[in-house]
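1. Next input, structure requested:
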Amino acid sequence: MISLFIDTSTSNVSISVIKDNKILSYINKETPNMHSVYTTKFVKDALDEAKIDANDVDNIMVVNGPGSFTGVRIGVTIAKTYGYLIKKDLTLLSSLKDLAISANCNDVVMSVIPANKSMYYVGIYDKEYNDIEEEKCMKKEDVLFLCNKYNPYIVSISTSVIGSYKVNKQEIDPLKIVEYYLNKEKVSYHKALPNYLKQPQAVEAKND
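-> I've put the predicted structure just below:
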């Protein structure tokens with residue numbers, strides 16, 4: 001079973017090819033504002049490094065958000081195009097849940113990704129990675145309310161603090177993520193959509 005993992009939801013482009021629970025290739029490079037230039041190239045590079053023909057991929061797994069508006073859109077579009085070409089449906093991944101899975105925590109875990117200066121994308125999960133609270137974009141005071149309520153282990157894409165709570169930097173683990181999603185429901189490449197959780201700032205400003 002060969003899986004292709006695609007994540008363009010942050011300033012990094014992360015591509016991995018995994019076969020039978022073994023990483024054959026993994027590219028994780030920071031490409032701020034250049035995802036449209038590098039993502040397709042990195043997919044090809046990862047397949048070449050793994051010595052896998054593009055048509056032999058069984059699972060296309062793509063992070064569809066939340067995160068960078070442009071990055072998410074690019075990743076989903078590339079995954080949909082690939083799915084169309086090789087006639088494979090897609091597995092859609094949550095960037096928030098991916099952080100929780102990578103943390104491998106045996107307790108309540110909260111994933112927090114900054115949306116802007118005052119808002120955060122937030123997901124909170126039990127030890128089986130089931131949603132305790134629906135993933136949302138929320139204000140800092142709402143994040144602190146959940147922290148006080150659940151006292152979770154908190155992870156993000158960088159180290160920081162929210163109130164008095166430490167936020168731990170967590171690198172994604174494609175192997176754990178692919179293993180978790182391997183038997184999850186897939187979505188037709190025609191119907192796969194980004195999950196922004198909030199409108200882009202340009203749209204919000206227009207609607208104000």
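
2. all contacts plus neighbour counts: C-alpha atoms, from now on.
-> Fine.

3. quick one: low-confidence parts of this protein?
-> Within the chain, the stretches with pLDDT under 70 are 199-208.

4. where exactly do the helices run in it?
-> Counting by DSSP state H, one finds helices in the chain at the ranges 35-50, 69-86, 95-103, 140-150, 174-181, 201-207.

5. can I get these in TSV with distance to V57?
-> Below are these laid out as TSV (distance: least, CA to CA, whole Å):
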stretch	distance to V57
helix 35-50	9
helix 69-86	8
helix 95-103	21
helix 140-150	39
helix 174-181	13
helix 201-207	36
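
6. Minimum distance to Y121: which of those has it?
-> Closest approach to Y121 among those (CA to CA): helix 95-103, 7.8 Å.

7. now that closest one against helix 69-86, angle please.
-> Helix 95-103 runs at 80 degrees relative to helix 69-86, counting by axes from the mean of the first three to the mean of the last three CA atoms, to 10 degrees.

8. what comes into contact with helix 95-103?
-> The contact list for helix 95-103, computed with CA atoms under 8 Å, 6 or more residues apart in numbering, reads 9, 63-67, 109-113, 121-123, 125, 129, 155-156, 170-174, 176-177, 180.

9. out of the helices of the chain, deepest packed?
-> Greatest average neighbour count among these goes to helix 95-103 (a mean of 24), per mean count of other CA atoms under 10 Å.

10. ok so, going back, closest to K191 out of the helices of the chain?
-> helix 69-86 (8.8 Å).

11. can you state the direction angle for that closest one and helix 35-50?
-> 50 degrees.
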